[in-house]
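Asks: everything below, folded, please.
(one chain, ligands or ions: 1)
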Amino acid sequence: MKILPGRDASSTKMLKSLVMHKKDNGITVVSFDVEGTLVTTDFSSAIWFELIPGRYSKRYGLNFEEATMKVRQAYDSIGDQRLEWYDVQYWFTRFDLGNADIAMEELQPRVRYYPDTKDVLKQLQNKFVLSVASGSPRPFLKHLLRDIEHNFHAVYSSTSDYQQVKTADFWAAMCRDLDVAPGQIIHIGDHMQFDFIEPASIGINAFHLDRNQEGGMATSLRSLNELVPLVKNI
Ligand SMILES: [Mg+2]
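Replies: Numbering: from 1, shown residues only. Alright, predicted model coming up:
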């Protein structure tokens, strides 16, 4: 298990006893996607559609609109099924824009949690092992989770830790690392394929989150608040 830095031996022991205790009788782990689920896309949007085009426009002497068009074309040429798409330093290097980490730190104030995030984590944290399963690389998660990471016993980045998007293989590897069966995990996230179809395909109790009611299913949840009674009744 990827225990977060700073977690002491006694809480690790407590976690293990919780897992052992719950092993035979149901859900042990509640797993969360990050962007679009716990954290708004403001921080990422600012990176992809303000920071990078802004730097590109200065570097190549284009106006912001022209730079945005060039950058978007490059993003589209890679697409979200490929790892490079998620890697800010890849784009900084490709466009010759310098160090991505320093630039990302400047945007920390743009990280926004959804109104239900902290309350739902608080309601669930003493009853379940909470973990994160994100497609965002760790350089993103460092910023996105800064104020809430103390709630989680484990954080998985499919792209940084397993070099893949959240495929069925990733979900199976995460279950092995947590040492729990897929049926003992609930996961919630806003991506129909990566947070619902793929985890459900290996037996994880997956919930699709459709906060804006755009293209979801009848069973999609509209907020994390709707997850709480479901988790308690499973
Ligand atoms: Mg998401």
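
Asks: list the buried ones in the helix or strand Trp91 falls within?
Replies: Secondary structure assigned from DSSP states H and E places Trp91 in helix 88-94. For helix 88-94, a neighbour-count test (16 or more other Cβ atoms under 10 Å) marks Val88, Gln89, Trp91, Phe92 as buried. From N, CA and C alone the C-beta is placed, and that goes for glycine too.

Asks: what's it packed up against?
Replies: On a contact count with 3 or more Cβ pairs under 8 Å, 6 or more residues apart in numbering; DSSP states H and E, helix 88-94 meets helix 52-60, helix 64-78, helix 100-106, helix 138-144.

Asks: so which of these comes closest to Asp190?
Replies: For the helices and strands packed on helix 88-94, proximity to Asp190 was assessed by Cβ to Cβ; helix 138-144 is nearest, at 13.9 Å.

Asks: what's in contact with the helix or strand that comes right after the closest one?
Replies: Next helix or strand after helix 138-144 toward the C-terminus (DSSP H and E): strand 154-157. For strand 154-157, the surrounding residues in contact (Cβ atoms under 8 Å, 6 or more residues apart in numbering) are 1-4, 129, 131-138, 141, 145, 149, 162, 170, 174, 177-178.

Asks: and the residue of this structure nearest the ion?
Replies: Residue nearest to the ion within the chain: Gly36 (3.6 Å; Cβ to the ion).

Asks: what's the burial count for that residue?
Replies: When neighbours are defined as other Cβ atoms under 10 Å, Gly36 has 18 of them.

Asks: again, but for the one 3 residues further on
Replies: Close neighbours of Val39, defined as other Cβ under 10 Å, add up to 26.

Asks: which residues are in contact with it?
Replies: Residues near Val39 by Cβ under 8 Å, 6+ apart: Val111, Arg112, Tyr113, Tyr114, Thr117, Leu144, Leu145.

Asks: mind checking which of the residues you listed are buried?
Replies: Using 16+ other Cβ under 10 Å as the burial test, those include Val111, Tyr114, Thr117, Leu144, Leu145 as buried.

Asks: is the closest residue to the fourth one other than its chain neighbours bridged to anything, and to what?
Replies: Same thing as Leu144. Leaving aside its sequence neighbours, Leu144 sits nearest to Val39 (Cβ to Cβ, 6 or more residues apart in numbering; 4.8 Å). When assigned by DSSP bridges, Val39 has beta-bridge partners Glu35, Tyr113.

Asks: was I right about Arg112 contacting Leu38?
Replies: No: here Arg112 does not reach Leu38: they are 10.3 Å apart, not a contact under Cβ atoms under 8 Å.

Asks: may I see the buried residues of stretch 42-50?
Replies: By 16+ other Cβ under 10 Å, the buried positions in stretch 42-50 come out as Phe43, Ser44, Ala46, Ile47, Trp48.

Asks: residues near Tyr197, how many?
Replies: Residue 197: Ile, not Tyr. 14.

Asks: distance check, it against Thr167.
Replies: 10 Å (Cβ to Cβ, to the nearest Å).

Asks: for the spatially closest residue to Tyr60 that is not a sequence neighbour, list the residues it contacts.
Replies: Nearest-residue entry for Tyr60: Ala67, 7.0 Å, with adjacent residues in sequence omitted and distances by Cβ to Cβ, 6+ apart. Ala67 makes contact with Pro53, Gly54, Tyr56, Ser57, Tyr60, according to Cβ under 8 Å, 6+ apart.

Asks: restricted to buried residues, select those in PyMOL.
Replies: Those of these that meet the burial criterion (16+ other Cβ under 10 Å) are gathered into one PyMOL selection, given here:
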select buried, resi 53+54+56+57
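
Asks: no more questions from me, cheers.
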